[in-house]
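Enquirer: sequence first, predicted coordinates after that:
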Number of protein chains: 2
Amino acid sequence: MSEQVTKAEKLDASDVLAAKRAEFVLDDVVYLDGNSLGALPVAVPGRVEDVVRRQWGELRIRSWTEGGWWTAPERIGDRIAPLVGAAPGQIVVGDSTSVNVFKALVGAVRLADAGRDEIVVDATTFPTDGYIAESAARMTGCTLRPVTPAEVPGVLGDRTAAVLLNHVDYRTGRLHDLPSLTAAVHAAGALVVWDLCHSAGALPVGLDEHGVDLAVGCTYKYLNGGPGSPAYLYVRAEWQDRFDSPLPGWNSHAEPFGMRPDYAPAAGAVRGRVGTPDILSMLALEAALEVWDGVTVEEVRAKSLALTDFFLECVEEYVPGGRVECVTPRAHGERGSQVALRCPDAGVVMERLIGRGVVGDFRRPDVLRFGFTPLYVGFGDVERVARVLAEVLAE
Amino acid sequence: MSEQVTKAEKLDASDVLAAKRAEFVLDDVVYLDGNSLGALPVAVPGRVEDVVRRQWGELRIRSWTEGGWWTAPERIGDRIAPLVGAAPGQIVVGDSTSVNVFKALVGAVRLADAGRDEIVVDATTFPTDGYIAESAARMTGCTLRPVTPAEVPGVLGDRTAAVLLNHVDYRTGRLHDLPSLTAAVHAAGALVVWDLCHSAGALPVGLDEHGVDLAVGCTYKYLNGGPGSPAYLYVRAEWQDRFDSPLPGWNSHAEPFGMRPDYAPAAGAVRGRVGTPDILSMLALEAALEVWDGVTVEEVRAKSLALTDFFLECVEEYVPGGRVECVTPRAHGERGSQVALRCPDAGVVMERLIGRGVVGDFRRPDVLRFGFTPLYVGFGDVERVARVLAEVLAE
């Protein structure tokens, strides 16, 4: 074991992101569930207290203008933009991921050429995307076609209006090929909506570069926005003028305080807004995003791959062969920032790991899921997790 | 003037809600904008700090179960229920009012008898309701018919599927007759959706008693939940089994952690949930609702009418005749908890009022809007507002 300990020490010593760990509230637990709920950034509690006590408590209604509340959805969208490879003016924050999937998918169908009446959806995706896609199909007169991501290129055709794909599979951690799948959808004349929940903040997405049409994502995983923090919607600049939201609330109006009976959509990303933004959660997220100052997502990706490589190496060395099966792809190009290990007694194993200070999560029926968040997980942590896992599995 | 001062003192001395004022963070400003953003309840900052520092920062992912996060939408819904005359199990909190209008109105159309294809909407309502109603009509194949509330009974018929009405007009403060309008809609065989944004927490609503089908409301006005705090959805118990949400996110699934590809709706109010609940804002709201302990909405209504009566009396006495025109009805049965005064230079007048410590709001083109929140506004405040208004108008 000591060889891996030495290796971990060397890797930690040369980790360019090591100092970022101090910007999070952490204890002696190894927290590998940041792909469910990111750890608390140190900057957040003070900001939230200021929002509550001063902005709400003292300035009250004036904060809507003087406190920057009204423009928060697009301002924070622009803060997320570089993390997903988007130029400013294309992202707004607000609502849940599910609600944004509905906006994006209905919007995509309405942007597609007339006569196209099929929505293709990743059948292996996080279920909410499939449920919402079914509703979007029903409400736009489309047929829903659930297929695996590998089958997507084969089913595209003249009828395809839109395709909803998940960038990283929430269960296996498999990274799908966004550039080539986007190109295939475009070659068929359709639009693509990408769900970035498990990739944004963990790896480069390149929305603008790869010509993605629309995208959504949550902010409480690798972006550390806090429990249920608002999600975001990306609408590519060239589609914005024709983006036709199924949820045209007053916040998306060209003149929201004109209180006009007729709806006239705002220009730009703001058109993706709906109702009054949820300020407490939104400004907590804004403070949380400060940890990205001076960090590139490429650095994060490099460390993420190094962390998961090292974890797989330690597991191979420490855990007896055959005891667990890795369901996360080995190829870097197919790996997100998590490692999923299958073992028959995964539920009990995860309970014991948590009891020994290693927090991952259990996905039924038999998957141990470990999320590696490069801003606050180190190589020493990784070695410890593999060691504790081996101990638990040996019991 | 001294006669009204004496009267205010007497009214304050016999005010059964006077002690509630101490449960809010207030200063020497008279805050009559609680119908836009309620004042900060004293209990909120500590609760939010606990949610951020301990529940998120220390317990992290465990708080979803141990901290009661997962069940917050229905738990807080049950806390709101008595304030709007609803038995438990019919309200869930989450999403914005606009998103809930969409759920409620599409749900109502789907509950209506086949062949009914018209949505009637209050043309004088807060605009977002009209915009969302238009989208709901478009996506359910209905025609939208905007009429004034007074015209509603006359346009109901065999084609009417659903009617969307606002309980209190946001501009004039007019209270619409919920029991008789609900009865008229039912007599026509249609369903009614009420928007309670400007009534909940200010006056009795009686959702169960009057047979309301669905209702929505925000929580940041008279319920003091904080800026953009989550809204709520009421689905009458007898409709819940057939309620068919257009936003069937994973939180509304019968087995949300089963991660099943097929959607199966949960029973009860939970079916109105969509995505991951916004915990910071939601638990701030929960703490804010503690101010209702020991208070009945009937007491609040009695004080609200006394406050607005007294305000109108002081305005009549202090302000020269013809200088302002009251657009809020005089009859108690037609008055919400605000008074709207029309005057040609309303924008400038409101600026000056705010400069002298009287905060109301200005609604274009010519309306001064004063909201009276009985939990923290007193009669002395009211006399002061009328006096300062008279001074400003005399300049």
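Expert: Structure received.
Enquirer: which SSE is A:G201 in?
Expert: Of the helices and strands defined by DSSP states H and E, none includes A:G201.
Enquirer: contacts only, for it.
Expert: In this structure, A:G201 makes contact with A:83, A:221-224, A:297, A:300, judged by CB atoms under 8 Å, 6 or more residues apart in numbering or on different chains. (C-beta placed from N, C-alpha, C; glycine too.)
Enquirer: mind running it again at 6 Å?
Expert: If you count contacts by CB atoms under 6 Å, 6 or more residues apart in numbering or on different chains, A:G201 has them with A:83, A:222-223.
Enquirer: what do you get for A:H210?
Expert: Taking CB under 6 Å, 6+ apart, we find A:H210 in contact with A:178-179, A:182.
Enquirer: are any of those buried, and which?
Expert: Among the contacts of A:H210, those classed as buried by 16 or more other CB atoms under 10 Å in any protein chain shown are A:178, A:182.
Enquirer: narrow the contacts of A:H210 to those in helices?
Expert: A:178-179, A:182 (DSSP state H).
Enquirer: give me the number of residues near A:S135?
Expert: 25 (other CB atoms under 10 Å in any protein chain shown).
Enquirer: which strand or helix spans it?
Expert: Counting by DSSP H and E, A:S135 is found in helix A:127-140.
Enquirer: from the contacts of A:G201, which is closest to A:L368?
Expert: A:Y222 (19.4 Å; CB to CB).
Enquirer: up against chain B, what does the stretch 251-395 of chain A have?
Expert: A:259, A:261, A:263, A:274-281, A:284 (CB under 6 Å from any CB of the partner chain).
Enquirer: which pair of the residues you listed spans the longest distance?
Expert: Taking CB to CB as the measure, these span a maximum distance of 35.4 Å, between A:P261 and A:A284.
Enquirer: domain assignment for chain A?
Expert: By the assignment in automatic domain parsing, chain A contains the domains A:2-17+A:295-394, A:46-292.
Enquirer: which among the residues of the stretch 251-395 of chain A next to chain B count as buried?
Expert: By 16+ other CB under 10 Å, those give A:263, A:274-281, A:284 as buried.
Enquirer: restricted to helices, list these.
Expert: Reading helices off these with DSSP H, I get A:279-281, A:284.
Enquirer: export these as TSV, with columns for pLDDT.
Expert: Converted to TSV, these look like this (pLDDT from 0 to 100):
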residue	pLDDT
A:I279	97
A:L280	97
A:S281	97
A:A284	98
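Enquirer: what is the nearest of those to chain B?
Expert: Among those, A:I279 lies closest to chain B (CB to the nearest CB), at 3.7 Å.
Enquirer: in three-state terms, label A:R369 for me.
Expert: Secondary structure for A:R369, judged by DSSP: H, G, I helix; E, B strand; the rest coil, is strand.
Enquirer: who touches it in this structure?
Expert: Shown here is A:R369, whose contacts under the criterion CB under 6 Å, 6+ apart are A:340, A:360-361, A:363.
Enquirer: try 10 Å this time
Expert: A:R369 is in contact with A:32-33, A:35-36, A:170-173, A:327-328, A:338-341, A:346, A:350, A:360-363, counting by CB atoms under 10 Å, 6 or more residues apart in numbering or on different chains.
Enquirer: just the buried residues of these.
Expert: A:32-33, A:35-36, A:170-173, A:327-328, A:338-341, A:346, A:350, A:360-363.
Enquirer: hey, where'd the strands end up in chain A?
Expert: A:30-31, A:91-93, A:118-122, A:143-147, A:160-166, A:191-195, A:214-217, A:232-235, A:325-326, A:338-342, A:358-359, A:361-363, A:367-371 (DSSP state E).
Enquirer: B:A394 is nearest to which of these?
Expert: The nearest among the strands of chain A, by CB to CB, is strand A:91-93 at 45.8 Å.
Enquirer: helices of the stretch 1-150 of chain A, start to end?
Expert: A:2-13, A:43-50, A:63-66, A:72-80, A:97-111, A:127-140 (DSSP state H, counting those that start in this stretch).
Enquirer: buried set for the shortest one?
Expert: Judged by neighbour count (16+ other CB under 10 Å), helix A:63-66 contains these buried residues: A:63-64.
Enquirer: for whichever residue of the stretch 151-300 of chain A sits closest to chain B, list the residues it contacts.
Expert: Using CB to the nearest CB, the closest approach of the stretch 151-300 of chain A to chain B is made by A:G275 at 2.7 Å. Going by CB under 10 Å, 6+ apart, A:G275 touches A:94-95, A:247, A:249-252, B:95-102, B:128, B:132, B:218, B:228, B:231.
Enquirer: in ChimeraX, how would I select the buried members of those residues?
Expert: Written as a ChimeraX command, the selection of buried residues from the contacts of A:G275, which uses 16+ other CB under 10 Å, is:
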select /A:94,95,247,249,250,251,252 /B:95,96,97,98,99,100,101,102,128,132,218,228,231
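Enquirer: so how far is stretch A:170-184 from its chain's centroid?
Expert: Here stretch A:170-184 is found 13 Å from its chain centre; the criterion is CA atoms, centre = their mean, to the nearest Å.
Enquirer: what about it, start to end distance?
Expert: 23 Å (CA to CA, to the nearest Å).
Enquirer: please see if it touches chain B.
Expert: Yes. Stretch A:170-184 lies within reach of chain B by CB under 10 Å from any CB of the partner chain, at A:170-171.
Enquirer: pLDDT averaged over that stretch - what is it?
Expert: Stretch A:170-184 carries an average pLDDT of 96.
Enquirer: for stretch A:373-381, same thing?
Expert: Here stretch A:373-381 scores 98 as its mean pLDDT.
Enquirer: kindly check the end-to-end length of that stretch for me.
Expert: Its first and final residues considered, stretch A:373-381 spans 11 Å by CA to CA.
Enquirer: okay, buried residues for it please.
Expert: For stretch A:373-381, burial by neighbour count (16+ other CB under 10 Å) applies to A:373-379, A:381.
Enquirer: show me those residues that map onto helices.
Expert: A:379, A:381.
Enquirer: what's the closest of the buried residues of stretch A:373-381 to A:T148?
Expert: Nearest member of those to A:T148, counting by CB to CB, is A:T373, at 27.7 Å.
Enquirer: report the contact partners of the closest residue to A:R75 other than its chain neighbours.
Expert: Among residues not flanking A:R75 along the chain, A:G68 sits closest, at 6.9 Å (CB to CB, 6 or more residues apart in numbering or on different chains). Going by CB under 10 Å, 6+ apart, A:G68 touches A:55, A:75, A:279, A:283, A:286.
Enquirer: alright, calling it a day.
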